[in-house]
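Q: predicted model, plus sequence, below.
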Amino acid sequence: MMPIHFDHAVIFVPDLNKAIKKFCDLGFVVTPGGEHEYTCNALIIFDDRTFIEILALKASWSRPLLKIAAKIGVINHLAKNKSDVSWRLMRWITEKYGAIDWCIRVENMQAALDCFQSTKLTMLDTMTYQRRRPDGAIAQWLLGSAKDLDLPFLIKDKTAINIRIPLGSHTQHPNGALGIKKIIIAPTDPVGTANAFNNFLIAAQGASYPTPQSIVLGKTTVGMEHRQNSQGKFSLELSYSGNDRKHLDTSKTCGANIWLTPSI
């Protein structure tokens, strides 16, 4: 049986510093993540090491060029010729701002990819990525994916997980948020995507889920729903210590639909 964990959800924003302020205004502790080659991020971390990644293009000379390239279709054209996981990641900067992708964590990347391949999906070559934190520490990880934008991409840490996802006071959010209770994916074909994900889990864990469109990974339920005119790839329900269900202001979440839901 292969351990599989929900890892994180990605929200793409136009300006990282402005987005950090907006999420802080909503009552989250936002932890600066650091820089990748062309992007920078910040994290909203929970005690079970799930998190929301707030991602933006780095404020550098290349940002306006990348935005233009994305707008006129150059990035998508280049991505089509990729056989590795960058086929997927390059498309992030071509998406509308908001909820763009989701990730699960595995302990054996090749075994996980073999399980996906058993579902007859085309697989992308893995790649190693890294992020330099503001304190200089470098987190490294391996990414993999099936060639299907609705299914999750996979991550395996190459450095200690606490370098990529630090705990401590970072997880104590003033708004009472405790964790990602549910992520609701809005794929083009919710039944087909749910069955493909379920078949992957059968191959990986030897057990099927009676309701493939509502699968539990740790403390997080992954739901598949077809929603008319849905905004973004997913919406989130966060468990929190309050008593009333609250929908967060989408002008502060860059359009992502996020609810605070009582933990009881």
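A: Ah, there it is. This one's a predicted model, so the numbers in the text were calculated from it and none came from an experiment. Numbering: from 1, shown residues only.
Q: domain ranges for this protein?
A: 4-164, 177-262 (automatic domain parsing).
Q: any idea of the mean pLDDT for the longest one?
A: Along domain 4-164, the predicted local confidence has a mean pLDDT of 92.
Q: compute the first-to-last residue distance for that domain.
A: 17 Å (C-alpha to C-alpha, to the nearest Å).
Q: could you do stretch 99-118 as well?
A: This stretch, stretch 99-118, spans 29 Å end to end (C-alpha to C-alpha).
Q: that one: how far from the chain's middle?
A: Remark: stretch 99-118 is offset 13 Å from the chain centroid, using C-alpha atoms, centre = their mean, to the nearest Å.
Q: just stretch 195-211 next, same as before
A: 20 Å.
Q: buried ones in it?
A: Across stretch 195-211, burial judged by 16 or more other C-beta atoms under 10 Å covers 196-204, 209. All C-beta spots, glycine's among them, are computed from the backbone N, C-alpha and C.
Q: same list (these) but as JSON lines, adding secondary structure, pLDDT and distance to residue 262.
A: Compiled in JSON lines, the buried residues of stretch 195-211 are given as follows (DSSP: H, G, I helix; E, B strand; the rest coil; pLDDT from 0 to 100; distance: C-beta to C-beta, whole Å):
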{"residue": "196", "secondary structure": "helix", "pLDDT": "87", "distance to residue 262": "32"}
{"residue": "197", "secondary structure": "helix", "pLDDT": "87", "distance to residue 262": "28"}
{"residue": "198", "secondary structure": "helix", "pLDDT": "85", "distance to residue 262": "29"}
{"residue": "199", "secondary structure": "helix", "pLDDT": "86", "distance to residue 262": "34"}
{"residue": "200", "secondary structure": "helix", "pLDDT": "87", "distance to residue 262": "32"}
{"residue": "201", "secondary structure": "helix", "pLDDT": "86", "distance to residue 262": "28"}
{"residue": "202", "secondary structure": "helix", "pLDDT": "85", "distance to residue 262": "33"}
{"residue": "203", "secondary structure": "helix", "pLDDT": "86", "distance to residue 262": "36"}
{"residue": "204", "secondary structure": "helix", "pLDDT": "84", "distance to residue 262": "32"}
{"residue": "209", "secondary structure": "coil", "pLDDT": "69", "distance to residue 262": "25"}
